[in-house]
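Peer 1: sequence isn't available, so here's the structure alone:
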């Protein structure tokens, strides 16, 4: 089986992720000292609402390598192939 794993910058909707059986790993968005998992803790509507109120632009951080490892492991153990977008 081929598994497709995406990060949240790919902007698939939750419906499309479910429809195509995509596994999503979220980036982290930082508004000051508050951190949110993209598309999990913070949807796009909430993001833009926070952006309008923010005194400084938000920053992001990439998906940690350990999260990729955790996502890959069960698929590799089953012998699946993985494509990451």
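Peer 2: Now that the structure is in, tell me what you want to look at. This one's a predicted model, so the numbers in the text were calculated from it and none came from an experiment.
Peer 1: ok, residues contacting the helix or strand containing residue 35?
Peer 2: Assigning secondary structure by DSSP states H and E places residue 35 in strand 34-37. With contact meaning C-beta atoms under 8 Å, 6 or more residues apart in numbering, strand 34-37 is reached by 8, 26-30, 42. Yep, even glycine has a C-beta here, placed from its N, CA and C like the rest.
Peer 1: in strands, which of these fall?
Peer 2: Cross-referencing the contacts of strand 34-37 against strands under DSSP state E gives 28-30.
Peer 1: CSV for the contacts of strand 34-37, including distance to residue 79?
Peer 2: Formatted as CSV, the entries for the contacts of strand 34-37 read as follows, by distance: C-beta to C-beta, whole Å:
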residue, distance to residue 79
8, 27
26, 27
27, 29
28, 31
29, 35
30, 38
42, 35
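Peer 1: quick one: buried ones out of the residues you listed?
Peer 2: Among those, those buried by neighbour count (16 or more other C-beta atoms under 10 Å) are 8, 26, 28-29, 42.
Peer 1: okay, those in a markdown table with pLDDT next?
Peer 2: As requested, the buried ones among the contacts of strand 34-37 are arranged in a markdown table below (pLDDT from 0 to 100):
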| residue | pLDDT |
| --- | --- |
| 8 | 94 |
| 26 | 96 |
| 28 | 97 |
| 29 | 97 |
| 42 | 94 |
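Peer 1: on that earlier part again, so which of the contacts of strand 34-37 comes closest to residue 64?
Peer 2: Ranked by distance to residue 64 (C-beta to C-beta), those are led by residue 28 at 8.7 Å.
Peer 1: and the furthest pair within the contacts of strand 34-37?
Peer 2: Taking C-beta to C-beta as the measure, the contacts of strand 34-37 reach their widest spread between 8 and 30, a distance of 14.0 Å.
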